[in-house]
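S.K.: Requesting a structural model of the entry that follows:
(chains A, B, C and D)
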Amino acid sequence: MTSSLPPFLVFFVGALLAAVTRGTVRKVLLVLVPVAGALNVWGVEEGYAWQLEFLGYVLEPVRADRLSLLFGYLFHLAAFIAVVYSLHLKKAENATVQHVAALVYAGSALGAVFAGDFISLFVFWELLAVSSAFLIWSRRGPGSARAGMRYLVVQVVSGVALLAGALMRVHETGTLSFGFVGLDGLSGWLIFLAIGVKAAFPLLHSWLIDAYPEGTPTGTVFLSAFTTKVAVYALARGFPETEILVYAGAAMACFPIFYAVIENDLRRTLAYSMINQIGFMVCGIGVGSALAINGAVAHAFNDVLFKGLLFMSMGAVMHMTGKTKASDLGGLYKTMPFTAVLCMIGAASISAVPLFNGFVSKSMIMSALIDGGYMWIWPVMLFASAGVVEHAGIKIPFFAFFAQDSGIRTREPPRNMLAAMTVAAIACVAIGVRPGLLYGLLPYAVDYHPYDASHVLTQIQLLAFAIGAIVVFQLLKIYPAEIRAVNLDADWFYRRAGARLVRRTGDAVAQAGVALRSAAAGVARPMYEGAFRAHGPHGPLARSWPAGSMVLWVAIMLAAFLLFQFL
Amino acid sequence: MREELVLRLAAKMMAPFILVFGLYVHFHGDYSPGGGFQAGVILAAAFVMLSLVFGLDAVQRALPLWFVRSCAALGVLVYAGVGFAAMALGANFLGYDALASDPEKGQHLGILLVEAGVVITVFGVMTTAFYVFADRGRRKS
Amino acid sequence: MNEKRSPDSLQPPEAGRPPAQHGPNSVPPRWSKRILLGFLGLCVAAVVAGFLADIHGEHPWEEVPLFHALYGFLGISGLILVSKALRRLVMRPEDYYDDE
Amino acid sequence: MTQHLPVLQVVIPLVLAPLCVLVRHPRAAWALAALGSLCAFGIALDIVSTVLASGPLSYDVGDWAPPWGIEYRIDAVNAWILVIVSLVSTAVVFFARASVEREVEASRVALFYAAYLLCLSGLLGIAATGDVFNVFVFLEISSLSAYALIALGQDRRALAAAFRYLIMGSVGATFIVIGIGLMYATTGTLNMADLADRLPGVWHVRTIKVAYGFLAVGCFLKLALFPLHLWLPNAYTFAPSAVTAFMAATATKVAVYMLLRFFFTIFGAAFSFDVMNLDMVLMPLAVAAIFSMSFVAILQTNVKRLLAYSSVAQIGYMILGISFASVTGLTAAVLHLFNHALMKGALFMALGCVAYRIGSVHIDAMAGLGKRMPATMAAFVVGGLSLVGVPLTVGFVSKWYLILAALERGWWPLAVIVLITSVMALAYVWRVIEAAYFREFPGDRETREAPAALLVPTWALVVLNVYFGIDATRTVGVAERAAEILMGAAP
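M.R.: Numbering: from 1, shown residues only, chains lettered A, B, ... in the order given. Here you go, the predicted structure:
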């Protein structure tokens, strides 16, 4: 339909209006933006495109196909939920900055998934980075300024890599169009690296762990929905059936669960869980069959819902108590029963309990792995999905709402927060019960039935005995206690090793500089002293000495230039 | 120096001749060595000499700073004015041919007027520079 | 140096509050017993149903009886033990990065 | 009348300058300066459209036919320079009214505008003329008035900075006149087109190579190519804000134009690159300039100085573009002439707003200004982003063409260098943003937003930064045409 607007435009205009409105007007506006955007994107059909010419290249800032449309719907839903969740923000919480940044951020994510060429993608890529950084800075907590800065630097580096790769690709292929890229040549690897940073590939992941727990309670909900999902989209578009992704995905699915077990900060635990879930998606994209891609994007869709729900419930806890550490919390079910129930729905969904949405998408990826012949990756992913139960399924609700009573007495969070969480929870259950709702939107035609007895039973066995193991370990008192501590991760390399390296190099350079200067002084001093005696301390010639040295440079240049020509 | 009668008398007598010589150098500039730049400096030299002998204040009473500064500006206007006049008469900028009915006479007139502009400007600039420097030294001591 | 220290010594002492550490017995006792019993029932039911229903595995390992149950139990056991070991390697005091 | 435009372009500011001295009233002098700039801008726009539509313009001063008389010859290259200079001058002159009243003694304001107009006409003259000696004359007019303008700065060190600039500028001008003299001695002509015809016959003569060397070093000095940039930071730092904005956006650009004219039009691309290996001379210097000056900029605490060093680095980008010896590379260089003028003009004007209210441009003095002077700092941020090369700003367009040129030549490490140094630019721009937005405003000072008289011209340039970043067809079109002319691929 030609009457549709570019999807991102609705959000950008909304952001502009949000910047100048206050109070109730803005609240109404904030809710209206995703709704209007959704109505608009509903009218966008496959093949819709918007082109313009720039620097002699055809740019395609908007290009719709099934893949981008799916993410388009998803991002509108996510934006709606997150916006409702953040309606209560007050001036003291930097409401204007947060609201505007959130709308720009959501709009950029939409722009990125509809971008048909690398330049548009790059523009939205960087906009994503900058706008989301404000969601971290807005918290104004200790460390959030620095964490936001580290986050921004990593994201900007990712953008630079993307631009470099895109430029080389333009040079190689002559087109800017963003389609299948593949890992041939430096340009492919640069683009892969750029997306990998955003997708939190192993060793490139630490920005996520570092920054997400530093965001505002509401900001992190936005963060969890967009950045990594844009990366998943970009991988699905540019690198399907790239074998390395299967192994990268398996690594991503596994290593965070170990960290998640021992992490004390519950929002950081969720951040690890996020990498674990992206691992499943990356793995599916790597397999590359129709079923696998369907599974990966369906899982991305579901992850936005249940991970958003979990982040929202932890955000609600943080909003009401100011705490997110497992060691500080416990027993909140008495005063926050609704939140507890909603959190458990999220936990059940992420653990892929049958009748919840995680189940219908994760099983697709698992089946696709076997169909693709990845017989050794399948057990790894099965282990990872059992691990999810441990940290996200049990640990999060258990330590926050049950466990030992921390003595904290509070109330349910504001109504808008509850409403947002309820919407997400309903969506989780609805997709879990009626997978067709989601399957109809997937890029490929779906012929997959998650609910056969075999699937359901094996999954229940896996989950039940996984939980059993936790119970046994708890009862035997071997389960690792929650301890206030920092766990080293790959960010150590830049936060500590990098800092040390910079400091040491700085020292070394300074020392070398001193040595060089004293050596130079040994030669220059006699000359200088001669000049000093000749011209006196404050003589007119002494003052023009710097100009003299400038002229000396001129003479050197001329001599060098002429020598260069005549030798 | 103000008490040196010989110097004062000589300076008073020489000044008009210097001025006339300056004008000669100017008007003869298009046929013999000379021209606006030299003439301007010679004119300025007369006043520099006078102020050396009679003091800066005496000369500045006759020839105030604002006047010489305006001269510097005025000369440029004369120069450009000739250019514009030629343009108004249908030639290119500074196309002297158009200034008179006979191109050769036009060339004469044009060069003379342009050089007059140069004389005024150079005279103004030189005198201004002298005033500024002399004034500065006086205030400091 | 930090690795050698016992986990408890990392805790900052906080007066006037119950210790923030949650031991295994911190579940409210009356409830926990009922929940645990119900859970045990679920496990048994899952195993029994697994034998009754026709389970067609896709992976060769699924031929092993009760594969998923065993895998889930052993997997999580391993996960917890390895994580405990990991803690010795990576855990640092909470203010580790504060002097950046 | 239209046939006189090439000369009127230069002469109108030249005539208005003495009028400023005569009227002496500050506001009247300003009005004359504004009139001069506006006329120049209007004429430049007219000229550029004529040139693009129907080819080069030629004007014989005094009706003496070239190569004997002085010819003003304007093609796409210098029409473009005329637009840059007069556009920036117009923006700055409207900015200057309030800024100069605050920063310059009232008795000197009229003289300030006289010098400003002289400088403008000198710069326009260098661009417009087709006679190499005339280039030297206008170079001296613009330089001498620039020294005076810089010396008018409030800081006592302004005088010393202007003096050093004077020495270096004079050395540079002398080198250029020596080069011109040697060319004249060999060929007997001063007209550019005539020189271009005659030089190929005497390529083998050593005098010509020496002339080339003198011209090269003289131009390097004037355009502040590393390591001959030493005069620039002090001159920019201590000059009045309006002067800094004007000089930073125009003076070095015109010097780059001189370089292009001498080496491409007069000597010819073939001689420059095949015989003199100019690319091998320029590229290391450009890379060194970009790297070391960006690094120096990161460590500065005076923001004006920071931007001054950044200018030296940015000049490195233009020289890098030239050193690619290709149409794309020259397009990038010519494009960056315009784009850099826009961004540095906007940035220095935003700093002028800060100086107007706070009286300091030290980075610590700018703490918390994001809240107190939101419009000013927003202008700075947009200008800074443009400097970094963020998409949707002109900086991106320049970098894009530079990288394309590097890849076209197969020198992809240089493309990487351009990207890395963009991050360095982000670092120094960020230091200001960090101070302005993330530090608390010291509570004991009352500070308001800068007056509209300063903000409107600043934002005009900021808007152009974004406008030409989005719709780059026109600027790129002219730059490509200019590059083709310079490489000898088009008339």
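S.K.: how is chain C carved up into domains?
M.R.: Split into domains by automatic domain parsing, chain C comes to C:27-56, C:58-91.
S.K.: in the last one, what's buried?
M.R.: When burial is assessed from 16 or more other CB atoms under 10 Å in any protein chain shown, domain C:58-91 yields the following buried residues: C:62, C:66-69, C:71-73, C:75-77, C:79-80, C:83-84, C:86-87, C:90-91. Heads up, the C-betas are built off the backbone N, CA and C, glycines and all.
S.K.: Can you sort out which of those also neighbour chain D?
M.R.: Taking CB under 8 Å from any CB of the partner chain as the test, chain D is in contact with none of those.
S.K.: which non-adjacent residue is nearest the residue of the stretch 1-150 of chain D found nearest chain B?
M.R.: Nearest residue of the stretch 1-150 of chain D to chain B, counting by CB to the nearest CB: D:P18, 3.2 Å away. Computed as CB to CB, 6 or more residues apart in numbering or on different chains, the closest residue to D:P18 that is not its neighbour in sequence is B:A73, at 3.2 Å.
S.K.: mind listing what that neighbour touches?
M.R.: For B:A73, the contacting residues are B:T121, B:G124, D:A17, D:P18, D:L19, D:C20, D:V21, D:L22, D:A114, by CB atoms under 8 Å, 6 or more residues apart in numbering or on different chains.
S.K.: How about D:V171?
M.R.: D:V171 is in contact with A:V551, A:V554, D:L221, counting by CB under 8 Å, 6+ apart.
S.K.: can you redo those as a markdown table with pLDDT and distance to chain B?
M.R.: Shown next, in a markdown table, are these (pLDDT from 0 to 100; distance: CB to the nearest CB, whole Å):
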| residue | pLDDT | distance to chain B |
| --- | --- | --- |
| A:V551 | 80 | 25 |
| A:V554 | 82 | 28 |
| D:L221 | 91 | 27 |
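S.K.: Any chance of those in a markdown table with neighbour count as columns?
M.R.: Shown next, in a markdown table, are these (neighbours: other CB atoms under 10 Å in any protein chain shown):
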| residue | neighbour count |
| --- | --- |
| A:V551 | 17 |
| A:V554 | 20 |
| D:L221 | 29 |
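S.K.: follow-up on the earlier one: from the buried residues of domain C:58-91, which land in strands?
M.R.: Mapping the buried residues of domain C:58-91 onto strands (DSSP state E) picks out C:M91.
S.K.: Tell me, how many residues neighbour whichever residue of the stretch 301-450 of chain A sits closest to chain B?
M.R.: At 69.7 Å from chain B, A:G322 is the closest residue in the stretch 301-450 of chain A, using CB to the nearest CB. Per other CB atoms under 10 Å in any protein chain shown, the neighbour tally for A:G322 reads 11.
S.K.: Tell me who's in contact with it.
M.R.: No contacts exist for A:G322 under CB under 8 Å, 6+ apart.
S.K.: ok, now which ones touch D:I470?
M.R.: D:I470 neighbours (CB under 8 Å, 6+ apart): D:L392.
S.K.: Distance of it relative to A:I119?
M.R.: Using CB to CB, to the nearest Å, D:I470 is found at 12 Å from A:I119.
S.K.: Quick one: the strands in chain D, in order.
M.R.: Using DSSP E, strands in chain D cover D:57-60, D:71-74.
S.K.: Deepest-packed of those strands, please.
M.R.: Here the criterion is mean neighbour count by mean count of other CB atoms under 10 Å in any protein chain shown, and of the strands of chain D the winner is strand D:71-74, at a mean of 24.
S.K.: What pairs with the helix or strand of chain C with the lowest mean pLDDT, parallel or antiparallel?
M.R.: Here the helix or strand of chain C ranked lowest by mean pLDDT, DSSP states H and E is strand C:91-92, holding a mean of 76. Strand pairing for strand C:91-92, using DSSP bridges, gives strand A:486-487 (antiparallel).
S.K.: Can you get me a residue count around the residue of the stretch 1-150 of chain D closest to chain B?
M.R.: Neighbours around D:P18, by other CB under 10 Å: 27.
S.K.: what's the answer for B:I18, then?
M.R.: B:I18: 18 surrounding residues under other CB under 10 Å.
S.K.: if I pick it, what's in contact with it?
M.R.: B:I42, B:L43, B:A45, B:A46, B:M49.
S.K.: tell me the contacts of the last one?
M.R.: Taking CB under 8 Å, 6+ apart, we find B:M49 in contact with B:A11, B:M14, B:A15, B:I18.
S.K.: what do you get if the cut-off is 7 Å, keeping everything else the same?
M.R.: By CB atoms under 7 Å, 6 or more residues apart in numbering or on different chains, the residues touching B:M49 are B:A11, B:A15.
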